[in-house]
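A.B. asks: Make a model of this:
(chains A and B)
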Amino acid sequence: MPTKQDIALIAHLMRRAGFSEPRADLVARADKGYEAVVEELLHPEDQPPIDEELMYRILPGYEGALGPPISQADWMFRMVNTQRPLEEKIALFWHQMFATSNSKVDNPPEIGRQIAMFREYGLGKYGELLVELAKSPAMIFWLDNHGNHDGSINENWGRELLELFSLGVGNYTEDDIKSAARAFTGWTIAPKIPRNPLGRFFWNFEYKPEDHDDEEKTFLGHTGNLNGEDIMGIIVDQPASPRFLARHLYRFFVADEPDVSSWSSTPPNDPAAIEILVDAYNESHGDIRAILRVLFNSDFFKTSQFARVKSPAELIVGTVRMAGNYEGFRPGFNNLALECAWQGQELLNPPSVEGWHTGAAWIDAGALMRRVNFAAGVLGDISHPGVRAIVDRVQLQPNNSAQTMVAVCLDSIGPLQVSDTTLKELLSHALKGGELAWNTPEEISSSEDRVSKLLALIAASKDYQFA
Amino acid sequence: MATTSKDPVLVILQLTGANDYLNTIVPYTNGHYWDARPKVNIPADQVVPIDDDLAFRSDMDQFKDIYDKGNMAIVHGVGFENSPRSHFRAMDIWHTCEPDKIGTDGWVAKVIRDLDPTGENVLKGVNFGQGLPRAMTMRGVPITSVNHLATYGVFSSVSGINSQDERTQLLDSFARMYSPAIGNGLTMEYIGQTGLDALRGADIIKVAPQQYSSTVEYGSTSIATSLKDVAQVHLAGLGTQVFYTSHGPFDTHFNQGGSHAKLWIDISEAVDSFFADLQEHNASENVVMMIFSEFGRRVRDNGTGTDHGAAGVAFVIGDRVKGGMYGAYPSLKPEDLTQGDLEPNYDFRGLYSTIVDKWMGLDAVPIVGGQFEQMSFV
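C.D. replies: Numbering: from 1, shown residues only, chains lettered A, B, ... in the order given. Now for the predicted structure:
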């Protein structure tokens, strides 16, 4: 029988490595033991995949889709229904770090294919992932590598690869950027099928040897006729690479950190944790799965509960997973995707190549109002099976006190740790109504109403904004 | 600087999806128009002529009235060099004034920052719609974003709140949960403050529909509702200086005729009602409305609709606007087109600069990212 602490720790793991889950699922996971759950998460291929045929019956988001909402809804469906939570979470992670935006690419299904690539390669070797990234048609178009030619280089991809995707500012020279750009000449997109009149089509990677610069180049001290794969091989062996990646992983999975643009001048909040992740990188030769195994089993991870502001995707997906109101075959995923955009995280369309500003930057008055109203609306609605289950759990308690109602509700949404201010207010709110009663239909209806309103209030709290 | 006694107010109406310039301000005596638009045109006997060359489309009578009163500037050929045909990219450029790189800070947010550097009034900038346009996003600049004024507020989504008493109790609890507490960390404090700001914004703005009364009857279209909401907040005198709202979809690739007509009928009626409403309350003098779209549409029609183009038209409306036509209609001659599109001849940042500088009284250079040719419509 797992203890309350066991369940709280599993809940923390799921919020980070996946999304919030209903209490019954947490208990079932906790029964297996923490390390076994970590291992299960790290091997999504052992769990059943999304039933794509079912999904495409409600979301025809394949080749030819006309607007971004369908491709965004496709991802929402996967996040809400997946039995491989880390597969989706790691895709979100790489989407944040290798931010590619539809504002320029203007082909949502093609960015969707990049996300699918993150699912496939995202837990493998960093070096292999970087090579796949360089071949991603959406990335090639996003950073202009189709305009990077032998004898006439375009540095955009070479620069961002080093600055934002691997080494970080200060760990390369302008000459290294030029060499990287030259090494990736000829990595381009095959001629496209025109969008009109039938809609958008997938693009394909094409390597054009005749447009590749075959001269000698020097990149980070290595000289030779370097091609793209050689560049990635050199990058992954640079000491700056594990450090840069570790900080990204820490910021996404452990605790809020300042934005990437300040990293060259601001030290990490927890340098010892970064060292542990760097060691894991070096020992595993850049194996993401191995690094995450170390991360999730570390003390610095286990003690970081509620140290991050939830991204809109985390808030929305976690809330509906707990409420169980979007399970399986049903419409409405477009609305979830739109809600995510309205809260400030339009999937497949990050604001720039630097990705979203995270942490406190997720919050402004407009976004907070939406977050509060979304979560309170969902978790305060007793018609949702997950909310019904919480109300039933309150009813089954041996005593009907307001204190018990507050404790059970907090335990069921999370378990959520709240500040003294919040707890005091929740108790004082609950005490106003006195004890719950469950004898007559009127009493049951009134008690159910009180529990659902309390759940709405908890979902509206500032504490609920944290993961 | 405008010399109105009240602070200048800007209302921005975004036409989302790329409005067809050629069928909005119609070059009805130009043979190239009839050559290029055999199917998707405004018949010559239906246009509302402005002069011998140009006319409003058939269903813009109210715009013609406003124009005849001298309260409307028609700004021709607006756009930017190397106009992308992507809605998303083009709209981003309009929102961030960054045609060459991906920008993150919105130009409207910068206006609001300069109007209210300490962020004292959370209603200085108000968006009506779902989610903030990128034009209004910038870290540290509070903006209030309202989907429906009548229902706006914390807990508006919670079903089964049975009485005003119960709502008040919940809102009071919310306020106490978000009240400042020491020792919970900077982020928690920031979220607490932001929650109180949101609550305060909602609390202040809710007086707007309560105080409002008018003999003007708006239509029941979405744009009429949005502009009525703008009018209510403006008339409540809450210090809002920039309003933003959008209407669409203007992406008329297919069966353009009816849908494009309906969009303009709805807009003309709504804009007319809006200014009539403000005039009834003697509150129109300090308001200017700017209407824009991300780009225009292809000169040659595709049989039933039109594809993405380049140059577009903007409108600036208000009592203090010097009405008339500004700039020149881009040439329709086939040899002057770029990829079949009208070539923009006026940078949109000049349009912004004129409004920011001459109407809002702010330094436009840091807001639009440079010096651009201004016009004299305000």
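
A.B. asks: Could you pick out the longest helix of chain A?
C.D. replies: helix A:441-459 (DSSP state H).

A.B. asks: ok, which stretches of the stretch 1-150 of chain B are strands?
C.D. replies: B:9-15, B:25-26, B:48-49, B:55-56, B:72-79, B:125-128, B:144-146 (DSSP state E, counting those that start in this stretch).

A.B. asks: want to try TSV for these, with mean neighbour count as columns?
C.D. replies: For glycine as for every other residue, the C-beta is placed from the backbone atoms N, C-alpha and C. Listed next are the strands of the stretch 1-150 of chain B as TSV, based on neighbours: other CB atoms under 10 Å in any protein chain shown:
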stretch	mean neighbour count
strand B:9-15	23
strand B:25-26	25
strand B:48-49	16
strand B:55-56	22
strand B:72-79	24
strand B:125-128	26
strand B:144-146	27
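
A.B. asks: so B:Leu123 touches B:Val146, yeah?
C.D. replies: No: counting by CB atoms under 8 Å, B:Leu123 stays clear of B:Val146, with 9.7 Å between them.

A.B. asks: does chain A sit close to the longest helix along chain B?
C.D. replies: Taking DSSP H as the criterion, chain B has its longest helix at helix B:256-280. No: using CB under 8 Å from any CB of the partner chain, helix B:256-280 stays clear of chain A, with a minimum separation of 14.7 Å.

A.B. asks: Check which helices and strands that helix sits against.
C.D. replies: Here helix B:256-280 touches strand B:9-15, helix B:61-68, helix B:222-235, strand B:242-247, strand B:287-293, going by 3 or more CB pairs under 8 Å, 6 or more residues apart in numbering or on different chains; DSSP states H and E.

A.B. asks: in that helix, what counts as buried?
C.D. replies: B:256, B:260-261, B:263-278 (16 or more other CB atoms under 10 Å in any protein chain shown).

A.B. asks: Neighbours of B:Glu294, how many?
C.D. replies: 27 (other CB atoms under 10 Å in any protein chain shown).

A.B. asks: and for B:Leu123 and B:Val146, which residues touch both?
C.D. replies: Shared contacts of B:Leu123 and B:Val146, defined by CB atoms under 8 Å, 6 or more residues apart in numbering or on different chains, comprise B:Ile205.

A.B. asks: Next one: the spatially closest residue to A:Arg330 that is not a sequence neighbour relative to A:Leu249, how far apart?
C.D. replies: In space, and not counting its chain neighbours, A:Arg330 is closest to A:Ile58: 7.4 Å by CB to CB, 6 or more residues apart in numbering or on different chains. Per CB to CB, to the nearest Å, A:Ile58 is found 34 Å from A:Leu249.

A.B. asks: out of the two, which sits in the more crowded spot?
C.D. replies: Using other CB under 10 Å, the more surrounded residue of A:Ile58 and A:Leu249 is A:Leu249, with 23 against 17.

A.B. asks: Pull the contacting residues for the more buried one.
C.D. replies: A:93, A:277, A:291-292, A:295.

A.B. asks: Need the max-distance pair from those.
C.D. replies: Spanning the widest gap among those are A:Phe93 and A:Leu277, at 13.6 Å by CB to CB.

A.B. asks: Looking at those two, which is more packed in?
C.D. replies: A:Leu277 (25 against 21).

A.B. asks: nearest spatial neighbour of the more buried one, skipping sequence neighbours?
C.D. replies: Here the residue nearest A:Leu277, using CB to CB, 6+ apart, is A:Ala246, at 3.7 Å.

A.B. asks: what does B:Gln256 give?
C.D. replies: Closest to B:Gln256 by CB to CB, 6+ apart is B:Gly305, at 4.1 Å.

A.B. asks: pretty sure the one you found contacts B:Phe250?
C.D. replies: No: under the contact definition of CB under 8 Å, B:Gly305 does not touch B:Phe250, with a separation of 11.0 Å.

A.B. asks: So for the two, which sits in the more crowded spot?
C.D. replies: The residue with more neighbours, out of B:Gly305 and B:Phe250, is B:Phe250; 23 against 20, by other CB under 10 Å.
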